[in-house]
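Visitor: here's my sequence, what's the structure:
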Amino acid sequence: MRIPIFQVDAFTETLFGGNPAAVCPLDAWLPDATLQAIAAENNLSETAFFVRDGGDYRLRWFTPGAEVPLCGHATLASAFVIMTLLEGGRDEVTFHTLSGPLKVVPDGEGFAMTLPRRSLETVAPPAGLAGALGGAPESWLAGEREYVAVFDSEAAIRALTPDIRAFTAFDRSYVIATAPGERTDFVLRFFAPSVGVDEDPVTGSAQCVTAPYWAARLGRDTLTSHQASARGGDLRSTVLPGAVRVAGGCVLYLEGSIVVPR
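Guide: I've put the predicted structure just below:
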């Protein structure tokens, strides 16, 4: 059985930047074990699978180790594939997902998606987390799925050399480090070894919590950010009531097919 596959660099205007996502259109859902095996074989932060549902699509995301409830860059990449390669001329696409309906529209040279807005609260970090991160943040925040360490400078974010394996011992799946940016409103890094992603190159879903935090702190709703991973990527976010609109570019790297047993 042959399945189309596209590999797209998301949140970049330049090939080999941003975050690569594999995108696989399906006629019907395959067994979960097969979807997970494909994602593990691709060995990217995310492999996205979608199936048509009327004029919309059902969309699921898999890291090499697990299905996840939300992924921004693979959503952007999936919309790019649909609106530029499969159904050119569409002016929007809606994906039905574990995180509800996600709408994507063209935005300048790229695309913009509307993601759910989520809140953070100030916390004392669990014992060992600060040591695992390898830095001294000015404050700690926590959301439903993540710990967020707030630093005072971009240099501090870039200098972090965390013990990534140690993050798997804590009660949330993700650890985010963030700080004011030198050329953007804020910078961040994102670690998720418990779902098979040591450091994610660029994380659209992180904007669900970081953009509202920085919007409140900086006093404006439209923000630019840079994810300071080795590949790096740039995002534009607008904080809305109950949602965050996240935009960026996409570049096609690969188009082909994969072969799996029927």
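Visitor: just give me the neighbour total for residue 226.
Guide: 21 (other Cβ atoms under 10 Å). The way it works is simple: take the backbone N, C-alpha and C, and place the C-beta from them, glycine included.
Visitor: and it, how far from residue 237?
Guide: 12 Å (Cβ to Cβ, to the nearest Å).
Visitor: for residue 185, which non-adjacent residue is spatially closest?
Guide: With Cβ to Cβ, 6 or more residues apart in numbering as the criterion, residue 185 has its nearest non-adjacent residue at 4.4 Å, and that residue is residue 223.
Visitor: check contacts around the residue nearest in space to the middle of the chain.
Guide: Per Cα atoms, centre = their mean, the C-alpha nearest to the average position across the chain is that of residue 203, at 3.0 Å. Contact analysis of residue 203 by Cβ atoms under 8 Å, 6 or more residues apart in numbering lists 19, 72-73, 188, 190, 227.
Visitor: now secondary structure too, for those residues, in CSV please.
Guide: Shown next, in CSV, are the contacts of residue 203 (DSSP: H, G, I helix; E, B strand; the rest coil):
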residue, secondary structure
19, strand
72, helix
73, helix
188, strand
190, strand
227, strand
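Visitor: format those residues as TSV; extra columns: neighbour count, pLDDT and distance to residue 53.
Guide: TSV is the format used below for the contacts of residue 203 (neighbours: other Cβ atoms under 10 Å; pLDDT from 0 to 100; distance: Cβ to Cβ, whole Å):
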residue	neighbour count	pLDDT	distance to residue 53
19	30	97	26
72	28	96	20
73	34	97	22
188	28	98	33
190	25	98	30
227	28	97	31
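Visitor: right, and out of these, which lies closest to residue 254?
Guide: residue 19 (14.4 Å; Cβ to Cβ).
Visitor: tell me where the stretch 51-200 of the chain has helices.
Guide: 72-80, 129-133, 154-159 (DSSP state H, counting those that start in this stretch).
Visitor: so the residue nearest to residue 185, which of the three states?
Guide: strand.
Visitor: tell me the domain ranges of this protein?
Guide: What automatic domain parsing lists as the domains of the chain is 2-116+247-259, 121-239.
Visitor: can you give me how far the first one is from the chain middle?
Guide: By that I understand domain 2-116+247-259. 11 Å (Cα atoms, centre = their mean, to the nearest Å).
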